[in-house]
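Enquirer: take this sequence and fold it.
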Amino acid sequence: MTAVPRNHNAGTGKGKPAKGVKLGTQERRALVAVDLGAESCRVSLLRWFNGQPGIELAHRFVHSATDDGSGLRWDFRGICKEVEHGLRVCAQAAPEGIAAIGVDGWAVDYVRLGTNGKPSGHPFCYRDERTLEAQKRVHSRISPERLYELTGVQILSLNTLYQLAADQATEQHLPWVNLPEYLLHWLGGRRVSEYTHATHTQLLGVRDQTWCREIFETASLDLGAAPPLVRPGTDLGRLQGPLTSLPAFHETKLIAPACHDTASAIAGIPGRGEDWGFISSGTWSLVGCVLDSPCVSEDARRANFSNEGGVGGRTYFLKNVNGMWLLRQCMAQWKLEGKVYTVEQLIADCAVLEPPDHLFDVDQPDLLLPGDMPGRINAQLKRAGHAAIAGGPGMPAQMANLIFHSLADRYAAVLQNATRVAGKALKRLYVVGGGSRNTLLNQLTARSTGLEVLTGSTESTTVGNFAVQLAALAGDYADGIGVSANAVAEWADVLAEQPVGLGRVVGAHKVDGIQVGTGEALA
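Expert: Below you'll find the model as predicted:
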């Protein structure tokens with residue numbers, strides 16, 4: 001018998017539990033989830049074994065943005081080639097056939113499409129500095145206060161709004177599409193902007209949830225170049241192209257999951273009730289709580305919180321916080337200097353250190369940029385009147401210790417502010433994503449927040465992607481909403497208990513007491 005969610009409630013995501021909907025024979029074929037990360041990407045395969053779903057990692061590859069002389073750009077052709085390889089691996093591993101493919105990824109970046117429907121060039125990386133001047137130009141025409149009133153989105157120079165404004169005037173008429181949706185389009189689906197991802201552009205009206213004409217016109221952007229909007233779980237058509245020659249891809253659907261990877265990660269949390277918050281921990285840390293409707297009060301604007309789209313029409317009230325990017329950039333600098341460290345080694349070294357005498361602001365703008373992160377952090381310490389961390393054998397552990405304590409302190413401050421502004425009380429905090437394996441940081445977060453901290457799946461984005469696909473294939477879809485939050489949470493609960501290749505996708509585990517590094521931090 002096919003595994004089905006418990007207390008499944010089709011359509012609304014609220015009310016009394018409805019009878020579970022079983023997937024038919026057609027839908028018991030395999031599924032594929034593609035997760036585009038800003039540093040590494042994964043292609044995962046879900047298959048059914050004795051009625052239970054199992055998840056395997058089919059292909060993982062790393063990539064990075066490079067400066068080609070015109071700016072910091074992604075080699076998206078290379079990414080597509082690697083994804084295609086992963087899909088071929090999935091086809092070979094799933095003789096029963098593949099029912100659907102879903103793609104999620106990082107937010108804000110996009111490709112422009114030329115008259116031939118192909119990318120007009122390599123897409124810019126959100127860390128390119130071209131947006132700084134563009135943001136000033138946009139704000140000279142429409143104030144940040146008005147932008148927040150219209151969109152409810154955190155003001156960040158990397159947002160799609162400022163990137164589009166930074167494009168050449170000759171490009172403004174070219175259609176654009178964010179990267180996960182572009183990959184679905186490249187595979188044969190319609191060109192769309194999925195709702196959870198569209199909210200990250202700072203171009204979507206927070207009240208009517210449509211493209212905001214006032215922003216497009218004021219910023220001199222072409223509204224006609226924007227993609228049509230769809231909801232999580234929307235069927236975008238059938239897979240097309242060379243892959244369809246493989247038997248496994250006969251009549252494979254292309255489904256838009258929660259295309260923003262954070263929205264997928266939160267969808268992968270099998271949370272119940274209203275008293276929990278979340279940290280999606282990776283390169284970035286997305287910190288916040290789930291609301292039934294947006295909060296766009298003056299307090300929310302001043303605190304610069306984002307109201308970002310969630311599954312089932314819910315709102316993820318959150319703030320972007322710098323994440324493991326800080327440590328990864330430090331490690332990259334030390335490697336250039338001939339000193340190689342692992343995250344596991346640094347966590348173990350930190351576990352025996354005393355807390356630092358002072359912390360630093362992890363969200364300073366210069367810390368979002370690549371290059372010499374130890375120097376950048378030391379410069380900030382000096383500006384604050386503190387001593388820099390001196391070089392020597394113990395310097396990397398001291399720097400990592402400072403980063404972990406500063407992140408935990410920032411998480412606590414953001415959550416305290418979020419609950420105050422939104423009028424919401426929290427008892428539990430789910431930490432998901434690769435950073436959830438950092439036992440020391442989890443424990444420091446529990447201390448700083450005073451909340452019960454539970455670690456969800458390290459691959460929560462993959463779980464959420466599959467959960468949305470499963471809900472859609474089971475028929476749990478309503479116009480204007482997409483798949484329901486309850487149905488997705490129930491599927492996430494089923495998937496969280498199933499094994500995954502190269503490790504396990506596990507359920508929630510409470511963080512108790514003092515924990516030291518286990519050698520399992522950060523996949």
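
Enquirer: so, low pLDDT: which residues of this protein?
Expert: 1-27, 497-523 (pLDDT under 70).

Enquirer: please name the bridge partners of the nearest residue to Ser436 once chain neighbours are set aside.
Expert: Spatial nearest neighbour of Ser436, chain neighbours left out: Thr455 (4.4 Å); criterion: Cβ to Cβ, 6 or more residues apart in numbering. Heads up, the C-betas are built off the backbone N, CA and C, glycines and all. On DSSP bridges, the residues paired with Thr455 through beta bridges are Val431, His509.

Enquirer: what of Val111?
Expert: Val177.

Enquirer: wait, it touches Pro180, no?
Expert: No - contact criterion Cβ atoms under 8 Å: Val111 and Pro180 do not qualify, at 11.1 Å.

Enquirer: more neighbours, the two?
Expert: Applying other Cβ atoms under 10 Å to Val111 and Pro180 shows that Pro180 carries more neighbours, namely 28 against 25.

Enquirer: what about the residue nearest to Ser436, distance to Gly86?
Expert: Note on Thr455: its distance to Gly86, by Cβ to Cβ, to the nearest Å, is 27 Å.

Enquirer: list the contacts of Ile215.
Expert: By Cβ atoms under 8 Å, 6 or more residues apart in numbering, Ile215 lies in contact with 142, 147, 150-151, 161, 202-203, 221.

Enquirer: please flag which of the residues you listed sit within helices.
Expert: Secondary-structure check on these using DSSP state H: residues within helices are 147, 150-151, 161.

Enquirer: nearest to Ser264 among the residues you listed?
Expert: When the ones in helices among the contacts of Ile215 are compared for distance to Ser264 (Cβ to Cβ), Thr151 wins out at 21.3 Å.

Enquirer: still on that earlier bit, show me which of the ones in helices among the contacts of Ile215 is closest to Asp67.
Expert: When the ones in helices among the contacts of Ile215 are compared for distance to Asp67 (Cβ to Cβ), Leu161 comes out closest, at 23.1 Å.

Enquirer: report how many residues lie close to the residue nearest to Arg301 when sequence neighbours are not counted.
Expert: When the adjacent residues along the chain are set aside, Arg301 lies closest to Tyr148, with 4.4 Å between them (Cβ to Cβ, 6+ apart). The local packing of Tyr148 (other Cβ under 10 Å) involves 23 other residues.

Enquirer: got the contact list for Tyr148?
Expert: Remark: with contacts taken as Cβ under 8 Å, 6+ apart, Tyr148 is in contact with 155, 296, 300-301.

Enquirer: between those residues, which has the most around it?
Expert: Counting by other Cβ under 10 Å, top hit in the contacts of Tyr148: Ala300 with 21 neighbours.

Enquirer: which secondary structure state does that one sit in?
Expert: helix (DSSP: H, G, I helix; E, B strand; the rest coil).

Enquirer: residues touching it, list them.
Expert: Under the criterion of Cβ under 8 Å, 6+ apart, the contact partners of Ala300 comprise 148, 152, 307, 317, 421-422.

Enquirer: next, count neighbours for Leu353.
Expert: Applying the criterion other Cβ under 10 Å, we find 16 residues in the vicinity of Leu353.

Enquirer: for Asn307, phi and psi?
Expert: Its backbone dihedrals place Asn307 at phi -100, psi 100, with angles given as degrees, to the nearest 10.

Enquirer: thought it was touching Thr199?
Expert: Yes - in this structure Asn307 lies within contact range of Thr199 using Cβ under 8 Å: 7.2 Å.

Enquirer: what is in contact with these two at once?
Expert: 151, 153.

Enquirer: which one's more surrounded, these two?
Expert: The residue with the greater number of neighbours, taking Asn307 and Thr199 and applying other Cβ under 10 Å, is Thr199; the counts read 28 against 25.

Enquirer: quick one, what contacts that one?
Expert: Residues 151, 153, 260, 306-309 are the ones in contact with Thr199 under the rule Cβ under 8 Å, 6+ apart.

Enquirer: next, it: secondary structure please.
Expert: With three-state DSSP as the basis, Thr199 sits in helix.

Enquirer: ok, now Val463?
Expert: Under the three-state scheme (three-state DSSP), the conformation of Val463 reads as helix.

Enquirer: if we can go back for a sec, tell me the most packed of the ones in helices among the contacts of Ile215, by neighbour count.
Expert: Top of the ones in helices among the contacts of Ile215 by neighbour number is Leu161, holding 29 neighbours under the definition other Cβ under 10 Å.

Enquirer: need the contact list for it.
Expert: Shown in contact with Leu161 (Cβ under 8 Å, 6+ apart): 138, 147, 201-203, 215, 219, 221.

Enquirer: from the ones in helices among the contacts of Ile215, pick the one nearest Leu426.
Expert: Using Cβ to Cβ, Thr151 is the member of the ones in helices among the contacts of Ile215 that sits closest to Leu426, with 25.1 Å.

Enquirer: how near is that closest one to His260?
Expert: Thr151 sits 15 Å away from His260, taking Cβ to Cβ as the criterion.

Enquirer: repeat for Glu149
Expert: Distance of Glu149 to His260, given as Cβ to Cβ: 22 Å.

Enquirer: same question, Glu56
Expert: Distance from Glu56 to His260, counting by Cβ to Cβ: 24 Å.

Enquirer: these two: which is more packed in?
Expert: Neighbour comparison, Glu56 and His260: the larger count goes to His260, with 30 against 17 (by other Cβ under 10 Å).

Enquirer: picking that back up, report the two of the ones in helices among the contacts of Ile215 separated the most.
Expert: Taking Cβ to Cβ as the measure, the ones in helices among the contacts of Ile215 span a maximum distance of 10.7 Å, between Leu150 and Leu161.

Enquirer: which secondary structure elements does the helix or strand where Ile79 lies sit against?
Expert: Under the assignment given by DSSP states H and E, the secondary-structure element containing Ile79 is helix 76-93. Helix 76-93 makes packing contacts with strand 30-36, strand 40-49, strand 52-62, strand 98-105, helix 179-186 when contacts are defined by 3 or more Cβ pairs under 8 Å, 6 or more residues apart in numbering; DSSP states H and E.

Enquirer: redo those as TSV? Include distance to His122.
Expert: What follows is those, written out as TSV (distance: least, Cβ to Cβ, whole Å):
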stretch	distance to His122
strand 30-36	15
strand 40-49	16
strand 52-62	17
strand 98-105	16
helix 179-186	11
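
Enquirer: and of these, who's closest to Arg73?
Expert: Once these are compared by Cβ to Cβ, helix 179-186 is nearest, at 12.1 Å.

Enquirer: show me what that closest one is in contact with.
Expert: In this structure, residues lying in contact with helix 179-186 by Cβ under 8 Å, 6+ apart are 34, 36, 74, 76, 79-80, 83, 101, 103-106, 109-111, 119, 123, 177, 191-194, 197, 227, 236, 254, 256, 259-261.
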